[in-house]
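In: here is my input; please provide its structure:
(chains A and B)
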Amino acid sequence: MLHSRDLSRIINDAQWSLEILTVINLVNTKHSLLSASSLLSLVFLLLDSAYRLDMTSEFPQSLVGPSSKERKYDRQLRLWAASGQQALENSRVLLVNSDGPWGGGNTGVFGVVGVETLKNLVLPGIGGFTIVDPAVVTEPDLGVNFFLEDESLGKSRAEETCRLLKELNPDVEGAFYSKHIAEILQEDTEFLSQHKLILVSGPVNRSMLQSLCRAAKSLGIPVIYTRSAGFYSVFSLQLPTVFPIVETHPDPESTQDLRLLDPWPELAEAGASISNLDNLDDHQHGHVPYVLLLLHYLEKWKEAHDGNAPSNYKEKSEFRELVRSNARTNNPQGGEENYDEAVAAVLKSLNPFSLRSSTREIFDLEECKKLTADSAEFWVIASAVREFYEQHRVLPLPGSLPDMKAQSADYVSLQNLYKSKARKDVAEVAKTIRRIESELGRSTEISVRDIEIFCKNASHIQVIRGRDIPLVAGDTQTQKPIRTELGDDESHIPIFLAFEILDAVVTGIQEGKYSEGSLGDDSVWSSELDRILGDIASDVSNPTDNDARERVLEATRELRRTEGGELHNISSLTGGLVAQESLKVITRQYVPLDNTCIFNGIRSSSTMYKL
Amino acid sequence: MGVADRWKHLHKALSKSGPFSDPDWIPGEETIKSLEESKILVIGAGGLGCEILKNLALSGFKDIHVIDMDTIDISNLNRQFLFRQSDIGKPKAEVAAAFVEKRVKGVKITPFVGKIQDKDEDYYMQFKIIVCGLDSIEARRWINSTLVGMVDMDNPESLKPLIDGGTEGFKGQARVILPSLTSCIECQLDMHAPRPAVPLCTIATIPRQPQHCIEWAHQIAWQDKRKDDAFDSDDMEHIGWVYNAALERAKEFNISGVTFQMAQGVVKNIIPAIASTNAVIAAATTSEALKIATSCNPFLENYMMYAGEEGVYTYTFEAEKKPDCPVCGSLARKITVNADATLGEFIETLGERPEAQLKKPSLRTEEKTLYQRFPPQLEEQTRDNLKLKLRDLIVTGQEVAVSDPAYTIDFRFQLIFG
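Out: Predicted structure coming up:
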């Protein structure tokens, strides 16, 4: 029988209450209504499972194996978890894989980057994809595109690639349109908004690209524009104007926050509890968790230094020696592991809390300061966390504790101190959020789970200010970094410019400015080259120097080696990179590109630029 | 348009010099012919291997061989795109070869289902280039030392360029090795240090993390309760048993966080893997294969690192050849040891030291055998040495030859008392 006494004891227990909370939250989000009685039965269920298992010699068999879907996606769930997978499955991607022929018998873009990108999104289980491509499959397609076969010749490339991509994953839905994107957009104004991401394979007509990007921007849909020719490729990501990320997945080392210089009362108390170190036997002495050792010796240090903690390198080195000298060495190992850990942690753990500048900048943004009833949840939580920071001068505690030499029970109780402090901080932030929600008259409450995730990641949240797909002509923000880079003979910028020139030549042919054979015409390339360099140099007195012009010319020569044609390796590699960025944008985990990446397959190297 | 048009783009790149190709290079028919005649070997038909096979077939290679000993598992399907649900249980090398042969007309792919160690030098000698897409450091070290050992300075054909790719989550690397001429996999071993093992006493007596409980269930409880069953990490019932045992132990110590997924990850040492990272790294290796086979552009010298967690980051550099590399160098590698440690303790550390990573070493000096695992009679004769301190067996600076059944060569270490 369970008594209410047991219930409250267990609910008070640090670990259980969190688990129960999580389950309740989960249930709450799944089913909007949960009666008090079913909640109670849930608690009993948990209690039951906790107490049913006594310590018998045989282990109880539970039926908690993974589903076949979990098994199929196991290797990726370890990266983006169920939440990332859910986001992926709720998303549909649009691929605009060509814009029609370039003229002169050139069928135009082969779209291998686009198809390879989709392959890398279909395999992990994206919800669906749409391919828009008016092209018909030709012989050269078969030499570069794996998702076509001999029987595809003469058929719609959109249909054939869609069919062969769908084979990769029965969970994914695929659709195709064998016509121009412009036509579709005219017929169906809702078309773009069905998609969470738009991929465009270039070169395409620039005015079409710009109008597509404008439409996407107004709908808040990210766009990736890719180009690949010969051994070179380049792609740019256009994110919405404000793109916040909570789960940036920083290196766990960099998020460690032990609060040793400013312990909260319970932690300070735990540190004080080992004042009798000298009386401990060797076994106990060698198993005091290093966090407590550091707290203990910090107090000793402060006594001898007017109440101040070691603050500079010299003092920290002295403090480290103090800790080291207290290790017992009368044993076969000649030292103690927990003291070694304490010594190693001194330099990185004894730093006063400081807010990262990127977080400070987010707190200072208008979006964070001026909330409205329609503000995104991110800003409501960020604003509450900012209030927390302003009051306490620290962020909510992440609550994780690294492993360390210790007895099991000592470690677990120390870990519980960190966990319960983290929960207390979350509760405080949640209280602020509820206040804000009622002040603003918001109709839906932000889930406790989302508040928890934010608080845990608060020190490394990021907001990217999305920029448009770069356009050299007329955009000084794009021209400036290009001008600077052109002076560097190792820069990858000439490759980007070579692609911009290719775009200009193709657009010229499509718009009737150039004759159909212009792709092979040196004078056309040369005049477009000078025009683009003129754009870049327009607001400075000295024109681009000859060396820089030569480097861009060299890049165009390499690009023209295949007459704009793709090499499978380079397109496949680029499709991998583009898929990687797509996954980050869709799951809102990890940190996406901002905003252009250039790959050089001759040197096997790449560079990111903010253009 | 005819079939000749199919390879239009590729042939253009091979029929015209570029601004960065070697001025002495002669583009055209001969180059294309030599590419088509280049026999190339792919080691591994998994996440990287599937991509590598596709890329080589679409790079104009016509005679491709592939080795893999594994069969297809459901967890491969999120990235190994040549396999379908209905292929589960079939050999990877065969299914992958058949698929690419069917899709790309005119390419011949010869599968071998087995271990790379099953093949001898004569087998490896037939290839022009070897591309590796492996998840095992041990297999990489084996092929590396085999290829270095095959180099005969009087026969340029004996030098087989080795192109190696590897991935983990959003990260990966591609490298080009010219055996005996450039930095080899063994030279770079310390860049791939193994994760430090949890001390046995933590697992046995003072667990603190859910992983410790899983290790206990896997290493200790299984031995105790089911020693007659050989543990199979692919058997769901076995994993389930370990999971339940770990859960029970975790309860006993009030440790939270044991999940089935974690149990599986710990006992199988699972490395996260996704299609996109594999695509990047595989294509980086095959792009180098095309450049090496045709000289159409300079190849990678010699290491490209990729990290995709934060934007797109690559770092390309030249790893250095180490004179004390046990495989391609001529000097013994210096390692610092505790003179008071026993030989047995020292042997334990050889498994974890980043520069050694030898799991079953046997050791001898020029004068005597310190410890020999096989055959059993020799093991018995040398077993007592395990309890002796190093200072009683050797002097500081002495050279010790270490052999390990996983490798064909001896590793030479100079032991310095620290």
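In: how does the chain divide up, domain by domain?
Out: No chain in the question, so chain A it is. A:4-51, A:75-246+A:569-609, A:260-349, A:357-464, A:476-565 (automatic domain parsing).
In: try chain B instead
Out: Taken from automatic domain parsing, chain B resolves into B:3-169+B:272-300, B:200-268, B:333-417.
In: which stretch in these has the least confidence?
Out: Per-stretch mean pLDDT for those is lowest at domain B:333-417 (a mean of 90).
In: near chain B, anything from the helix or strand where A:T556 lies?
Out: Using DSSP states H and E, A:T556 falls within helix A:546-560. Yes. Against chain B, helix A:546-560 shows contacts by Cβ under 8 Å from any Cβ of the partner chain at A:E554, A:R557, A:E558. Placement of C-beta: from N, CA and C, glycine included.
In: quickly check: the longest helix along chain B near chain A or not.
Out: Taking DSSP state H as the criterion, chain B has its longest helix at helix B:275-294. Yes. Contact of helix B:275-294 with chain A (Cβ under 8 Å from any Cβ) involves B:275-284, B:286-288, B:290.
In: any chance of these in a markdown table, plus neighbour count?
Out: Shown next, in a markdown table, are these (neighbours: other Cβ atoms under 10 Å in any protein chain shown):
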| residue | neighbour count |
| --- | --- |
| B:A275 | 29 |
| B:S276 | 29 |
| B:T277 | 28 |
| B:N278 | 27 |
| B:A279 | 33 |
| B:V280 | 32 |
| B:I281 | 27 |
| B:A282 | 31 |
| B:A283 | 31 |
| B:A284 | 30 |
| B:T286 | 32 |
| B:S287 | 27 |
| B:E288 | 26 |
| B:L290 | 29 |
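In: format those as CSV; extra columns: distance to A:R78.
Out: Below are these laid out as CSV (distance: Cβ to Cβ, whole Å):
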residue, distance to A:R78
B:A275, 14
B:S276, 15
B:T277, 13
B:N278, 15
B:A279, 19
B:V280, 19
B:I281, 18
B:A282, 20
B:A283, 24
B:A284, 23
B:T286, 27
B:S287, 28
B:E288, 29
B:L290, 33
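In: just the C-alpha atoms of the helix holding A:T556, please, in PDB.
Out: C-alpha atoms of helix A:546-560 as PDB (Å, rounded to 0.1, in the frame of the first residue of the first chain):
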ATOM      1  CA  ASN A 546      45.900  43.600 -62.000                       C
ATOM      2  CA  ASP A 547      46.900  40.700 -59.800                       C
ATOM      3  CA  ALA A 548      43.300  40.500 -58.400                       C
ATOM      4  CA  ARG A 549      41.900  40.600 -61.900                       C
ATOM      5  CA  GLU A 550      44.300  37.800 -62.900                       C
ATOM      6  CA  ARG A 551      43.100  35.700 -60.000                       C
ATOM      7  CA  VAL A 552      39.500  36.100 -60.900                       C
ATOM      8  CA  LEU A 553      40.300  35.300 -64.600                       C
ATOM      9  CA  GLU A 554      42.100  32.200 -63.500                       C
ATOM     10  CA  ALA A 555      39.100  31.000 -61.600                       C
ATOM     11  CA  THR A 556      36.900  31.600 -64.600                       C
ATOM     12  CA  ARG A 557      39.300  29.600 -66.700                       C
ATOM     13  CA  GLU A 558      39.000  26.600 -64.400                       C
ATOM     14  CA  LEU A 559      35.200  27.000 -64.200                       C
ATOM     15  CA  ARG A 560      35.000  27.100 -68.000                       C
END
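In: what's the first helix or strand after it?
Out: helix A:568-587.
In: deepest of the domains of chain B, which one?
Out: domain B:3-169+B:272-300 (a mean of 20; mean count of other Cβ atoms under 10 Å in any protein chain shown).
In: how far off centre is it?
Out: Computed by Cα atoms, centre = their mean, to the nearest Å, the separation of domain B:3-169+B:272-300 from the middle of its chain amounts to 15 Å.
In: out of the residues of helix A:546-560 next to chain B, grab the one that's most surrounded.
Out: A:E558 (24 neighbours; other Cβ atoms under 10 Å in any protein chain shown).
In: now the closest residue to that residue other than its chain neighbours: how far from B:L134?
Out: Spatial nearest neighbour of A:E558, excluding adjacent residues (Cβ to Cβ, 6 or more residues apart in numbering or on different chains): B:G18 at 4.8 Å. In this view, B:G18 and B:L134 are 32 Å apart by Cβ to Cβ, to the nearest Å.
In: now do the contacts for the closest residue to A:S156 other than its chain neighbours.
Out: Of all residues not flanking A:S156 in the chain, A:S178 sits nearest, at 4.0 Å (Cβ to Cβ, 6+ apart). A:S178 makes contact with A:D133, A:P134, A:S156, A:R157, A:A158, A:E159 under the criterion Cβ atoms under 8 Å, 6 or more residues apart in numbering or on different chains.
In: swap in 7 Å and give it another go.
Out: When contacts are counted by Cβ atoms under 7 Å, 6 or more residues apart in numbering or on different chains, A:S178 is found next to A:D133, A:P134, A:S156, A:A158, A:E159.
In: could you say which helix or strand holds the fourth one?
Out: When secondary structure is defined by DSSP H and E, A:A158 falls within helix A:157-166.
In: the nearest residue to B:V266 once chain neighbours are set aside: what secondary structure?
Out: Spatial nearest neighbour of B:V266, excluding adjacent residues (Cβ to Cβ, 6+ apart): B:I214 at 4.4 Å. Secondary structure, DSSP: H, G, I helix; E, B strand; the rest coil: B:I214 is helix.
In: so B:I214 versus B:M236, what's the distance?
Out: In terms of Cβ to Cβ, B:I214 sits 15 Å off from B:M236.
In: now do the helix holding A:A158: which elements does it pack against?
Out: helix A:112-122, strand A:128-132, strand A:173-177 (3 or more Cβ pairs under 7 Å, 6 or more residues apart in numbering or on different chains; DSSP states H and E).
In: which of these is buried the deepest?
Out: helix A:112-122 (a mean of 29).
In: residues of the stretch 151-300 of chain A that sit close to chain B?
Out: Contact residues (Cβ under 7 Å from any Cβ of the partner chain) of the stretch 151-300 of chain A with chain B: A:L168, A:G230, A:F231, A:H249.
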